[in-house]
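Asks: build me a model from this:
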Amino acid sequence: MSAECTDKSSPSDPDLSTLTLGNSIKESKDQVDSLETNPRNLSPTSQGRLNHIVQLLQNQEAKIGMDAKGRPVMQYKDTAPPLNWDASNANVITTPKPEDHKRKVEAFLKLVEYLKQNKPPGGVNLDSSQISKSNWYEEGTEFEKTQKILGTGNSAGDIIVLKDLKKGIEHAQKTIMISVFRKEEIQAWFDLNETGIAPKLIQIRIEGNKVHIHMETLEKVVTLREVIDSHMQTIRSTNPALVRPFSLCVFHGVLSAIQTMHDKNWTHKDLHAGNILLQKESETFIKVRIVDFGLASKVDEKGGLDGIRSDIVEAVRKFTALYANQEFNSAGDLQSGDTWKNELSYATDILQTSLSREERTELFSLVDSSLAIVAAYQTQDVMKKLEEKMTKIDLDEVMKKVVPILFPPCDELFQPVHTHSKGHSSIDAMGGSKDVVDASSAATIENNDILRKLRLEMAIGSDLD
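Replies: The predicted structure is shown next:
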């Protein structure tokens, strides 16, 4: 596909050289009675945009209004009028003061008129093989709540597991108040829905003043937070030779997920260790999954480059935590070359008995290369370096030894709990929050004895099968 940059004006294009704006404009005392302007003094880009505005005005597709300060504002014909409501009380019955009755009634009528004219759905079923088709999807008719709670969300409620009564299939539901809901979360999730990075988005719907997000439940997962805080200590103490290859593998997986997001024109902007999951797909393969897109933003919009930088820096923080047991306190610690090099040098000096000179050089080189990324396409260069190193590693053998540490058989006896971050309901600990998982890990030491006692007390049985 090619684009021609030649100047081919349409016969119907207005002649901007003769454009005169206004005579006897009497919107306020401060406005000028007449104004002549020469568009030729504008930049080519501005001239093109002005030409577009004039065409819209001529075709009656837009008009020029005034804001509260008397400044001109473009109003487009296809722009829906703003709905004047308090988002925290959106879509609920309100009991206003008498002096607010008329304003609230008008706001309600605007909502009804908008629904009548635009006919937006109250929800969208994206996978009818997993969830029943229904205009309302109501509890007791289409689904029932199970006793499983995947975690605490915001004030809208916990992240729970539902069972579809017609399909007999369980799935997770995340609830967000309309007042804090960001459309970008669903837009990013939808764009990534077929990539395998995020949990499968099944359905979205509005109920009252809440947005319900239905998604697949991820099984056999553990958060990177738990891996860093708990399992890496086990790996370092029992088989330190696994640290390097496992760290390289996870770092590659995280960067691959990030590159996929960036290729889809999205940045995550909240890649803390609770939002990165490792999922066991076999005894020799672990997949990186990403959750909670509540702060997601477009790459090509304002702040997009900052978002790319944020995602990469967060990935580096996790990598150094895995490889060298050094998790920087914040992304700011990695902005200064002297700061991160000094701190990482200190950490590797402490671990110099387990990190060879070659490994320390490798660590510094990968961190330095990653922090040099300023554009999405540059991530590929670091990934290629990682792939070259990983070709010399028997990853199947590594994972055979790592997987049992990350996913001990007893763990499935405990229900994982999510955590809540930055005011957004999140599933950032689908494999367990730090406090809960640490407690459960300690409990599994004598798990069989505990179960035997419980069975005896409840007269269920005398021993484990």
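
Asks: lowest average confidence, helix or strand, in the chain?
Replies: helix 434-443 (a mean of 37; mean pLDDT, DSSP states H and E).

Asks: what are the ranges of the helices in the chain?
Replies: 44-58, 101-118, 183-191, 224-226, 232-238, 243-263, 304-324, 337-350, 357-371, 379-390, 395-406, 434-443, 447-457 (DSSP state H).

Asks: how far does the shortest one sit from its chain's centre?
Replies: Taking C-alpha atoms, centre = their mean, to the nearest Å, one finds helix 224-226 lying 17 Å from the centre of the chain it belongs to.

Asks: helices and strands around that helix, which ones?
Replies: strand 276-282, helix 434-443 (3 or more C-beta pairs under 8 Å, 6 or more residues apart in numbering; DSSP states H and E). Glycine gets a C-beta too; all of them are placed from N, C-alpha and C.

Asks: cool, the fifth one as well?
Replies: Other elements packing on helix 232-238 under the criterion 3+ C-beta pairs under 8 Å, 6+ apart are helix 243-263, helix 395-406.

Asks: now these as CSV including distance to Gly332, mean pLDDT and mean neighbour count?
Replies: Output for these, formatted as CSV (distance: least, C-beta to C-beta, whole Å; pLDDT from 0 to 100; neighbours: other C-beta atoms under 10 Å):
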stretch, distance to Gly332, mean pLDDT, mean neighbour count
helix 243-263, 20, 97, 22
helix 395-406, 30, 96, 17
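
Asks: may I see those arranged in CSV, with distance to Ala372 as well?
Replies: Output for the helices and strands packed on helix 232-238, formatted as CSV (distance: least, C-beta to C-beta, whole Å):
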stretch, distance to Ala372
helix 243-263, 14
helix 395-406, 27
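
Asks: which intervals of the stretch 151-300 of the chain have sub-threshold pLDDT?
Replies: Low-confidence segments of the stretch 151-300 of the chain (pLDDT under 70): 152-156.

Asks: OK, contacts around the residue positioned nearest the centre of the chain?
Replies: When C-alpha atoms, centre = their mean is applied to the chain, the residue found nearest the centroid is Phe293 (1.6 Å). With contacts defined as C-beta atoms under 8 Å, 6 or more residues apart in numbering, Phe293 is in contact with Glu184, Glu185, Ala188, Trp189, Leu192, Ala198, Trp266, His268.

Asks: may I ask which of these has the most neighbours?
Replies: Neighbours here mean other C-beta atoms under 10 Å. Within the contacts of Phe293, the largest count is held by His268, at 28 neighbours.

Asks: Lys360 contacts Thr348, doesn't it?
Replies: Quick fix: residue 360 is Arg, not Lys. Yes - using C-beta atoms under 8 Å, Arg360 makes contact with Thr348 at a distance of 4.9 Å.

Asks: I'd say Ile393 and Phe246 touch.
Replies: No - the criterion here is C-beta under 8 Å, and Ile393 misses it with Phe246 at 9.6 Å.

Asks: show me the contacts for His231.
Replies: His231 touches Val222, Ile405, Leu406, counting by C-beta under 8 Å, 6+ apart.

Asks: quick check: Gly274 vs Glu343, distance?
Replies: Distance check for Gly274 against Glu343: by C-beta to C-beta, to the nearest Å, it reads 23 Å.

Asks: out of those two, which sits in the busier spot?
Replies: Comparing Gly274 with Glu343 by neighbour count (other C-beta under 10 Å), the higher total belongs to Gly274, at 27 against 17.

Asks: ok, the more buried one to Ile228 distance?
Replies: 10 Å.

Asks: repeat that for Ile186.
Replies: Taking C-beta to C-beta, one finds Ile186 at 30 Å from Ile228.

Asks: swap in Leu255?
Replies: Here the criterion is C-beta to C-beta. By it, Leu255 lies 17 Å from Ile228.

Asks: same deal with Leu162?
Replies: According to C-beta to C-beta, Leu162 stands 31 Å off from Ile228.

Asks: please apply the same query to His171.
Replies: Counting by C-beta to C-beta, the gap from His171 to Ile228 is 29 Å.

Asks: in TSV: the helices of the chain, plus distance to Val124.
Replies: As requested, those are exported to TSV (distance: least, C-beta to C-beta, whole Å):
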stretch	distance to Val124
helix 44-58	32
helix 101-118	15
helix 183-191	9
helix 224-226	31
helix 232-238	41
helix 243-263	22
helix 304-324	26
helix 337-350	44
helix 357-371	38
helix 379-390	32
helix 395-406	35
helix 434-443	33
helix 447-457	43
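
Asks: Arg289: which of those helices is closest?
Replies: Closest to Arg289 of the helices of the chain, according to C-beta to C-beta: helix 243-263, at 7.7 Å.

Asks: what is the closest one packed up against?
Replies: Short answer (3+ C-beta pairs under 8 Å, 6+ apart): helix 243-263 packs on helix 232-238, strand 276-282, strand 285-290, helix 304-324, helix 357-371, helix 379-390, helix 395-406.

Asks: report the inter-axis angle for that helix versus helix 357-371.
Replies: Taking axes from the mean of the first three to the mean of the last three C-alpha atoms, to 10 degrees, one finds helix 243-263 and helix 357-371 inclined to each other by 10 degrees.
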